[in-house]
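Visitor: Let me see the structure of the following:
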Amino acid sequence: RKQLKDKNKELKQIAITDKLTKLYNRVKLDESLLKELKRAKRYNHPFGLILVDIDDFKVVNDTYGHLVGDQVLKELSRILTHYTREIDICGRWGGEEFMIICPETNYEGISKLAELLRHKVESNDFKSVKKVTASFGISEFKPTDSFDSVILKADKALYNAKHAGKNCVRGLFKN
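Guide: Residues are numbered from 1 along each chain as shown. Predicted coordinates:
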């Protein structure tokens with residue numbers, strides 16, 4: 001029974017973890033976001049969302065190869081987890097995009113965290129490629145938000161950061 005219990009625990013962990021980065025995967029991010037959304041609506045608590053996208057990641061893969069690109073993803077993941085709080089939920093959203101769910105955090109707190117992370121990424125010496133930057137889109141939950149709208153706000157903000165020249169933080173206040 002203990003072996004079965006241990007194996008089931010291992011399988012559950014595999015099911016919610018991105019194999020490359022060891023961060024949570026999309027399945028766990030969706031589950032966590034829905035849970036946080038329900039909690040925030042019920043208790044009127046703030047929370048924020050950060051979407052992170054590595055700038056010009058295709059150039060990294062095309063220039064240095066996918067194995068080096070994988071190393072960049074791992075290193076960025078290490079930075080994100082090192083500088084986020086234990087209660088923050090950090091995961092790989094897909095490809096070179098990451099999501100951070102920040103419970104009990106208002107817009108000012110989300111902005112500060114995103115700017116800290118942006119600076120840490122920019123100043124990090126990535127092994128083979130040296131310099132990497134990332135763009136950040138942030139949003140704060142509002143009571144009228146749905147699962148999709150809170151993501152859409154962060155996604156639009158990320159799009160704005162890309163169009164503002166990359167390597168910056170942009171936020172969206174409204175639905």
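
Visitor: So the spatially most central residue of the chain, which state does it fall into?
Guide: By CA atoms, centre = their mean, the chain has its centre lying nearest to M99, at 2.1 Å. Following DSSP: H, G, I helix; E, B strand; the rest coil, M99 is assigned to strand.

Visitor: isn't it right next to I50, touching?
Guide: Yes - the pair M99 / I50 is scored as a contact, 7.0 Å apart, by CB atoms under 8 Å. In this view, the C-beta of every residue, glycine as well, is placed from N, C-alpha and C.

Visitor: where do the contact lists of those two overlap?
Guide: A154 (CB atoms under 8 Å, 6 or more residues apart in numbering).

Visitor: any idea how far the closest residue in space to E122 that isn't next to it in sequence is from L117?
Guide: Excluding the flanking residues, the one nearest E122 by CB to CB, 6 or more residues apart in numbering is T133, at 5.3 Å. T133 sits 11 Å away from L117, going by CB to CB, to the nearest Å.

Visitor: still on that earlier bit, and the residue nearest to the centre of the chain, bridged to which residues?
Guide: L51, G91 (DSSP bridges).

Visitor: can you tell me how far it sits from K9?
Guide: Applying CB to CB, the value for M99 to K9 is 24 Å.

Visitor: for K38, same thing?
Guide: Separation of K38 from K9 (CB to CB): 25 Å.

Visitor: Between T133 and L117, tell me which one has more neighbours.
Guide: Neighbour count, other CB atoms under 10 Å: between T133 and L117, L117 has more, with 24 against 14.

Visitor: So which bits of the host helix or strand of the more buried one are buried?
Guide: Per DSSP states H and E, L117 falls inside helix 107-123. Across helix 107-123, burial judged by 16 or more other CB atoms under 10 Å covers 107, 109-111, 113-114, 117-118, 121.

Visitor: any idea which of those residues is closest to Y159?
Guide: Nearest to Y159 out of those is A114 (CB to CB; 15.0 Å).
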